[in-house]
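Q: Predicted model follows, preceded by the sequence.
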2 protein chains.
Amino acid sequence: MSLTQSIHRAVQQGPDRLATVCGTRRQTYRELAARAARLAGALRALGVAEGDRVALMAVNSAEYAEFIVGTWWAGAVANPVNNRWSAPEVAYSLRDCETEVLIVDDEHLDRVPAILAEAPGVRTVVHIGTRATPEGMLAYEPWLAAAEPVADAARPWDSLAVILYTGGTTGFPKGVMLSHLNLWSSAVGRMAEFPALRDSVTLLVPPLFHTAALGKMITQFITGGASVMAPTFRTGAVMQAIQDEKVNDIMLVPSMIQMLLDDPTFNDYDMRSLRRITYGASPISASVLERAMICWPGTEFFQAYGMTETAPVISISGPEDHGPEARESGRYRSAGRSCFGVEVRIVDDAGNELPRGTVGEIIARGPNVMMGYWKLPEATAEALRGGWMHTGDGAYMDEAGYIYIVDRLKDMIVSGGENVYSAEVENVLARHPGVQACAVIGVPHEKWGEAVHAIVVPRAGHALEAAQLQAFCRERLAGYKCPKTVDVAEALPMSPAGKVLKQVLRKPFWDGRDRKVS
Amino acid sequence: MSLTQSIHRAVQQGPDRLATVCGTRRQTYRELAARAARLAGALRALGVAEGDRVALMAVNSAEYAEFIVGTWWAGAVANPVNNRWSAPEVAYSLRDCETEVLIVDDEHLDRVPAILAEAPGVRTVVHIGTRATPEGMLAYEPWLAAAEPVADAARPWDSLAVILYTGGTTGFPKGVMLSHLNLWSSAVGRMAEFPALRDSVTLLVPPLFHTAALGKMITQFITGGASVMAPTFRTGAVMQAIQDEKVNDIMLVPSMIQMLLDDPTFNDYDMRSLRRITYGASPISASVLERAMICWPGTEFFQAYGMTETAPVISISGPEDHGPEARESGRYRSAGRSCFGVEVRIVDDAGNELPRGTVGEIIARGPNVMMGYWKLPEATAEALRGGWMHTGDGAYMDEAGYIYIVDRLKDMIVSGGENVYSAEVENVLARHPGVQACAVIGVPHEKWGEAVHAIVVPRAGHALEAAQLQAFCRERLAGYKCPKTVDVAEALPMSPAGKVLKQVLRKPFWDGRDRKVS
């Protein structure tokens, strides 16, 4: 049996409950199941066999949910495409996992020719939307209407459910293989610790090709909750959807939280339905968290830490780690503690567990850890050595098991033989009243190998000077950790998930040089 | 990685939290882990290899927890022995799964010779307790003290964790094989729906060789909660332990609840700590439930339905199914709805799903369903046909997915071609003010094949007459369902789990005859 089980249960216990809301379209679990059965029949009729990959390139939508459930219903593997990628990158991922059926929505229709040019293995393209379906493609609705519903393939728990490509910004993308059990155990493990709301209505803002959003939709399936689809992140539309659909549970990245708080129309919306905000992907600054807690007074805050390879959550910090005491002690900056079912260690390069308080690499194991990278046995063996997922993230653990992520290990700056963790410097800079955003990188330095360099974005109405910021840091940090140089910028380059793209910041300094990665 | 993961997590996040309380002995998670590592070393030194079975025959105790964790730590399989069984039955189970190491406590020491006489494969007996260790046995504490702790074997999730023998009252016992994943997914699935208390202190009253108690102890491990051990069920001792240890979460069978309520010293104990009572194994009568809710006013009630083969829970009804509305509508008699991760259907003999409201067999599938019966491929294939566990229980499902168990199918009475479900008749009899307990069975009848026969236990101070009870039933049931005959008894024969032993009641009527089982 596969994750489709959750849909059967939802239909059995509450067939008329809302499964998805997409614009004006409202779909119950009964309808979702019926359309998934039909989509599975349509895929079968195309020759899609159990275990075959089916791709979707689309913004969040009701059809996205149908695609996920229908693909599983057919016994196939969902390959949700990262729509921010370039055509060559998308084509690479389709070729790599031999996807033959690609479904696209209106927003991505024009990109199909360029993708197909480099992915000749794609033999069928299905078009979702109101635009005219180009010659040679199938139109989704008539195709579905003509199909016969089939019985759920109910694949085994340990079979492949999705392939999610990651790491497109450096080297070749890798296809992370997650089983039904990986996704189920992650969802249920975290709900066992932090129970889902009984009548959960979530707004899916991050794109569904990221495990964070996909995992959230799966928790909605398991609990019979509703998923409201946000096709893009626009502050007004997000707040309008929260108000209109009485959204009570939302997942955001910290930069999105800040943009919502900064929106001058914030107070025009009634968001009292919002009981939970979960954030992740990057740490939140104390000032943003405090503003958020004031602006959404009835809302509990959660931080989730994880990665695609762990389906996705490794650790969570809950409301009790966001209260005044936690903000005072700094524990709010922790990524929380390992979830039920996830075992975490902080280890040195040789894999030995380190004492509490010592920085090392976070490794994790449990039923949530990926099956491996698609057709990359060496990369899989390297990532999963000893049976543990090696995250590449640097962190220490305190005596109570809280994990403090100090940086991506490769982001660490080695200056004069001393390790400087960017996050530590950034945390200090972010506390400066004139700083809206900042990033700290290592740049080449004749004497010290690398020097600490900061890029700061001033808050509106503030002028920032390097000397002033350096003095601010020197009061709070050891001398070698303080930025040697500071650039003032209008904005930081961000990934779609809201992470600062440090490689973009580093590029002008490092082009033509080798940066030694510790 | 195995269920030992939960112990590592508990040690990482709260090493000084209480794991077990047994009399005056209090054991932290740090101590439990340390002793389990040592026990694993001791087992390895005896030649126990990964996958080998290790048996324990004991009452609930701290050592029981050590045995479970230590056996898994060694990579071995725990075989908790049903201590209510006769020596030949125990010996059969040890022979069947080739157990070579048997651990026994003081209470069972004297039974060892009779067991060993029929289980010559047992080469090592370890004795736990304060009595003198007989010649040829190892004494647990010195044996442990002399052992070297070993690293956790961390067996794969889908490997065998326990063998639990069931069905000892008819035919040969069957060894139910449960994997680490079976037990984990059942525990986490139900906690995801009905979250564990944050600082859970449970009193383990049912014996740990039953999955219900074992599963409860596993939830304590996962959440870092405490297990207080009740070696036997005595009402005064149970209430004393609830008061002394501030027990907040307890699992009981309905007959135990009734015995506690009937204890004249009930009001002498402070049981206000008790926030949850979970009952199962048999339905509760409305009058007992109402008394319980009055006597424990701050306590929430849960019913769990399941079996060893489903590790163990299939469905749960929570507090909202025990309120006034649920008692009025009769929904409190439902076994609840399928848990997260458990798919349930009500089917006919051919396996076709039946319409809501129609009685058929309950079947279930999910990651909690057993690996199979030890060395019984045919019985396994029969029980798991089509990938579903066939429970042998008769039930119907209402429109909202609630499961109403009407009887063990084999308990169904066929009278004049009409099916009579004992539970339906029993539910009516139980509502009679003079009835303390009752059981309904089929007895041979010349004309109708079987006739409905009731055995009733009068409430103190009440005289019961057959005619009066029959009239009471005729007002509430179709004529063919009313008992043709009624016996008044002082008590009903009960299994250790609190189920009425209907085969004992039937025996005098059916000896020498073939009872046709539908």
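A: Yep, it's here.

Q: Kindly state the pLDDT recorded for residue A:293?
A: Residue A:293 is assigned a pLDDT of 92 by the prediction.

Q: Which SSE is immediately downstream of the helix or strand that contains it?
A: Secondary structure from DSSP states H and E places residue A:293 in helix A:286-295. Note on helix A:286-295: by DSSP H and E, the next helix or strand toward the C-terminus is strand A:300-306.

Q: packing partners for the very next helix or strand once past that next one?
A: Of the helices and strands lying after strand A:300-306 in sequence (DSSP H and E), the nearest is strand A:313-317. When contacts are defined as 3 or more CB pairs under 8 Å, 6 or more residues apart in numbering or on different chains; DSSP states H and E, strand A:313-317 packs onto helix A:180-193, strand A:300-306, strand A:337-338. C-beta: built from backbone N, CA, C; applies to glycine.

Q: Contacts for the last one next, please.
A: The contact list for strand A:337-338, computed with CB atoms under 8 Å, 6 or more residues apart in numbering or on different chains, reads A:314-317, A:344, A:364, A:400-403, B:9, B:12-13.

Q: Let me see the contact set for residue A:16.
A: By CB under 8 Å, 6+ apart, the residues touching residue A:16 are A:28, A:29, A:30.

Q: And it, how close does it get to chain B?
A: To chain B, residue A:16 is 11 Å away according to CB to the nearest CB, to the nearest Å.

Q: Reduced to three states, what does that residue come out as?
A: Of the three states, residue A:16 takes coil according to DSSP: H, G, I helix; E, B strand; the rest coil.

Q: now residue A:203
A: Using three-state DSSP, the structure places residue A:203 in strand.

Q: ok, it touching residue A:238?
A: Yes: counting by CB atoms under 8 Å, residue A:203 touches residue A:238, with 6.8 Å between them.

Q: For the residue located most distally from the centre of chain A, which non-adjacent residue is spatially closest?
A: No residue in chain A sits farther from the centre than residue A:447, which is 38.7 Å out by CA atoms, centre = their mean. Among residues not flanking residue A:447 along the chain, residue A:416 sits closest, at 7.5 Å (CB to CB, 6 or more residues apart in numbering or on different chains).

Q: The one you found reaches residue A:480, doesn't it?
A: Yes: taking CB under 8 Å as the definition, residue A:416 is a contact partner of residue A:480 at 6.1 Å.

Q: on that earlier part again, any chance of TSV for the helices and strands packed on strand A:313-317, columns distance to residue A:387 and mean neighbour count?
A: Shown next, in TSV, are these (distance: least, CB to CB, whole Å; neighbours: other CB atoms under 10 Å in any protein chain shown):
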stretch	distance to residue A:387	mean neighbour count
helix A:180-193	14	26
strand A:300-306	18	23
strand A:337-338	16	26
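
Q: circling back: please report which of the contacts of residue A:16 has the highest neighbour count.
A: Most neighbours among these, by other CB atoms under 10 Å in any protein chain shown: residue A:29, with 25 neighbours.

Q: which residues sit in contact with the nearest residue to residue A:307 once chain neighbours are set aside?
A: Sequence neighbours aside, residue A:391 is the residue nearest to residue A:307 in space, at 6.1 Å (criterion: CB to CB, 6+ apart). If you count contacts by CB under 8 Å, 6+ apart, residue A:391 has them with A:307, A:309, A:310, A:314, A:361, A:362, A:363, A:364.

Q: again with residue A:274
A: Going by CB under 8 Å, 6+ apart, residue A:274 touches A:242, A:247, A:248, A:249, A:250, A:296, A:298, A:299.

Q: just the residues you listed now: which is nearest chain B?
A: Nearest to chain B among the contacts of residue A:274: residue A:249, at 14.9 Å, using CB to the nearest CB.

Q: and the next element down the chain from the worst-scoring helix or strand of chain A on mean pLDDT?
A: Lowest by mean pLDDT, DSSP states H and E among the helices and strands of chain A is strand A:418-420, with a mean of 67. Using DSSP H and E, the helix or strand that follows strand A:418-420 in sequence is helix A:422-430.

Q: And the average pLDDT for that next one is what?
A: The average pLDDT within helix A:422-430 is 82.

Q: moving C-terminal of it, what's the next helix or strand?
A: Per DSSP H and E, the first helix or strand lying C-terminal to helix A:422-430 is strand A:435-445.

Q: where does chain A have low pLDDT?
A: Along chain A, the parts satisfying pLDDT under 70 run over A:1, A:167-172, A:281-283, A:407-412, A:417-419, A:497-498, A:512-518.

Q: Can you pull up the residues of it that come close to chain B?
A: Chain A comes close to chain B at residues A:1, A:5-6, A:8-9, A:12-14, A:154, A:157-158, A:181, A:184-185, A:187-189, A:191-193, A:195-196, A:222-223, A:337-338, A:340-344, A:365-367, A:387, A:397, A:400-401, as judged by CB under 8 Å from any CB of the partner chain.

Q: Same list (the contacts of residue A:274) but as JSON lines, adding neighbour count and distance to residue A:356.
A: Formatted as JSON lines, these follow (neighbours: other CB atoms under 10 Å in any protein chain shown; distance: CB to CB, whole Å):
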{"residue": "A:242", "neighbour count": "24", "distance to residue A:356": "40"}
{"residue": "A:247", "neighbour count": "26", "distance to residue A:356": "39"}
{"residue": "A:248", "neighbour count": "21", "distance to residue A:356": "37"}
{"residue": "A:249", "neighbour count": "25", "distance to residue A:356": "33"}
{"residue": "A:250", "neighbour count": "28", "distance to residue A:356": "34"}
{"residue": "A:296", "neighbour count": "22", "distance to residue A:356": "34"}
{"residue": "A:298", "neighbour count": "9", "distance to residue A:356": "35"}
{"residue": "A:299", "neighbour count": "19", "distance to residue A:356": "32"}
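
Q: Could you export these as TSV, including distance to residue B:324?
A: Formatted as TSV, the contacts of residue A:274 follow (distance: CB to CB, whole Å):
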residue	distance to residue B:324
A:242	35
A:247	32
A:248	27
A:249	30
A:250	35
A:296	36
A:298	30
A:299	33
